[in-house]
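J.: Build the 3D model from these lines:
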Amino acid sequence: MVMVLPVLLNTADDASKPSHQRNVVWVLTLAVFVLPARPHHEVRHSDSHDMKPAGYSGTPLAQKLGIAANSTVVARYAPDNYRALLEPVPAGAIFESTVSPATDIVHLFAERKRVLEAELAVLRSAIRPNGVVWVSWPKKASKLPTDITEDTIRELALPLGFVDVKVCAVDAIWSGLKLVIRKELR
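T.: So this is what the prediction gives:
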């Protein structure tokens, strides 16, 4: 709801005075916006199901991640609402629980550097040469405790033979960095 209130600042006007000494009547229009109240709460993993996918392109997350019909996807440590975030999921996309040579895309969620380091080492030898690893970490604005940044991921991934090729917003909590095996190592 918007309320418009005229506010009179000065009403004195004396015509007998020269114009440079006259007080001028000023009317200021004040617009007041009244918004519905929302309860304040902290963002937690369990709250992420309420979050809409982030990003400003309007592109569905599954498309951003490269999930296509008949893609095989493995999500590691994903939030509970992961499948909902991916909607609409392309027909025929297959979600597995373990990485195999048939896996097209691995989406790893990590909050701790030590976990990320161990997972990347395992994934480097487990994925096929043209496989994709998306690493997601909490955004600073999410207030989730983490010791991972985009630079941390590169620091750990590059020596393993990965190279980063794309970044995207997963939702209001998570960012994602796409890793592939360097071409000369495939």
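
J.: Strands of the protein, residue ranges please.
T.: Counting by DSSP state E, one finds strands in the chain at the ranges 2-10, 26-33, 72-76, 94-96, 105-109, 132-138, 162-169, 174-181.

J.: rank those by pLDDT, which is bottom?
T.: For the strands of the chain, mean pLDDT drops lowest on strand 26-33, to a mean of 37.

J.: least trustworthy helix or strand in this structure by mean pLDDT?
T.: strand 26-33 (a mean of 37; mean pLDDT, DSSP states H and E).

J.: which one's the longest helix in this protein?
T.: The longest helix of the chain (DSSP state H) is helix 113-126.

J.: Buried residues, that helix. List them.
T.: 113, 116, 119, 120, 123, 124, 126 (16 or more other C-beta atoms under 10 Å). For the C-beta atoms, the positions are set from N, CA and C on the backbone; glycine is no exception.

J.: Check which helices and strands it sits against.
T.: Here helix 113-126 touches strand 105-109, strand 132-138, helix 150-157, going by 3 or more C-beta pairs under 8 Å, 6 or more residues apart in numbering; DSSP states H and E.

J.: Redo these as JSON lines? Include distance to residue 79 and mean neighbour count.
T.: What follows is the helices and strands packed on helix 113-126, written out as JSON lines (distance: least, C-beta to C-beta, whole Å; neighbours: other C-beta atoms under 10 Å):
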{"stretch": "strand 105-109", "distance to residue 79": "7", "mean neighbour count": "23"}
{"stretch": "strand 132-138", "distance to residue 79": "9", "mean neighbour count": "25"}
{"stretch": "helix 150-157", "distance to residue 79": "18", "mean neighbour count": "17"}
